[in-house]
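> pasting the sequence and the predicted model now:
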Amino acid sequence: AAYDIQVVTIFPEYLAPLRQSLLGKAAERGLVSIGVHDLRQWTDDVHRTVDDSPYGGGPGMVMKPEPWAQALEAVRPPGRRLVVPTPAGRPFTQRMAAEWAAEPGLVFACGRYEGIDQRVADWAADAGPVSEVSIGDYVLAGGESAVLVMVEAVTRLLPGVVGNRESVEFDSHADGLLEGPSYTRPASWRGHEVPPVLLSGDHAAIERWRRAESLRRTAERRPDLLAALPEGALDDAEVAA
Ligand code: SAM
């Protein structure tokens, strides 16, 4: 069966990129099915109100719980994971993407304003797993762009979506390290040369060079990732370097 993605938002047009590129093709080929729903269809006043002022005071508005409950009752199959993007969430990671890709699909609830009344996520946990996640330490205006990011990360791990399996397996983060640099023709370009080892045809030497570059780049840009590697992930020579 197709991997099933359902998104609820007050800006359905914002999710148009889901119909394009790799994902659009995956949908055409029946690998992924995508539904985008306007939250306002589950309001019952003439103004189609989705927000209200926060209890306890403070700036901004909060999304009302009832339209969300009705939306989720309509679009979320029993047991299906609900993903709620929020800057106050746990960090979204490649590991999460891989775990979610092994499930039958995902439902996304896009917040706007100051976010969604907390009781929606609490209530939704009775019907299946709920993940409140952040895509990074910055604040966006809404969850839609975060959903595009997560859907792209998850769906490219689905069998058949990316033509070359190896390209997915060797990506940055797949082994907890950043990938090193890549080059293509010409070997000499505007005074910059491709590292000679890549032209050597010596596959063992190329593998050693790639591993070293991957470690060097990770140490330089993301020392936190190196520190988080499990014991024994690096061999003694690498630890010494
Ligand atoms: N008052 C909220 C807080 O400080 O936690 C910020 C709400 S933000 C302005 C509005 C919406 O954008 C959020 O409900 C969420 O859907 C989305 N959003 C903002 N930053 C995000 C991030 N880093 N990751 C995921 N979603 C984010």
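In hand now; what should we look at? Numbering: from 1, shown residues only.

> show me the contacts for residue 134.
Shown in contact with residue 134 (Cβ atoms under 8 Å, 6 or more residues apart in numbering): 85, 86, 87, 88, 89, 90, 91, 92, 146. C-beta: built from backbone N, CA, C; applies to glycine.

> are any of those buried, and which?
Buried members of the contacts of residue 134, scored by 16 or more other Cβ atoms under 10 Å, are 85, 86, 87, 89, 92, 146.

> near the ligand, from those residues?
When contact is defined as Cβ under 6 Å from any ligand atom, the buried ones among the contacts of residue 134 meet the ligand at 85, 86, 87, 146.

> make sure the first one is indeed in a strand.
In other words, residue 85. Yes - assessed by DSSP: H, G, I helix; E, B strand; the rest coil, residue 85 belongs to a strand.

> so it sits against residue 147, correct?
Yes - look at residue 85 against residue 147 with Cβ atoms under 8 Å: they come within range, at 6.3 Å.

> tell me how many other residues surround residue 77.
Other residues lying near residue 77 total 12 when counted by other Cβ atoms under 10 Å.

> now it: which helix or strand?
Residue 77 belongs to no helix or strand when elements are defined using DSSP states H and E.

> check which helices and strands the longest helix along the chain sits against.
Secondary structure of the chain per DSSP state H: the longest helix is helix 203-221. Packing contacts for helix 203-221, counted by 3 or more Cβ pairs under 8 Å, 6 or more residues apart in numbering; DSSP states H and E, involve helix 223-228.

> which positions in this protein make contact with the ligand?
Residues of the chain lying near the ligand by Cβ under 6 Å from any ligand atom: 85-88, 110-112, 114-115, 134-136, 138-143, 146.

> among those, name the ones in strands.
85, 86, 87, 88, 134 (DSSP state E).

> the nearest residue to residue 229 once chain neighbours are set aside: what's it in contact with?
Once flanking residues are discounted, residue 229 sits nearest to residue 176: 5.3 Å by Cβ to Cβ, 6 or more residues apart in numbering. For residue 176, the contact set (Cβ under 8 Å, 6+ apart) comprises 225, 228, 229, 233.

> mind running it again at 10 Å?
Residues near residue 176 by Cβ atoms under 10 Å, 6 or more residues apart in numbering: 94, 95, 218, 222, 225, 226, 228, 229, 230, 233.

> between those residues, which is nearest the ligand?
When those are compared for distance to the ligand (Cβ to the nearest ligand atom), residue 94 wins out at 15.8 Å.

> any idea how far that closest one is from residue 24?
According to Cβ to Cβ, to the nearest Å, residue 94 stands 23 Å off from residue 24.

> helix or strand: which one has the residue nearest the centre of the chain?
By Cα atoms, centre = their mean, the chain has its centre lying nearest to residue 150, at 2.2 Å. Here residue 150, judged by DSSP H and E, is contained in helix 144-155.
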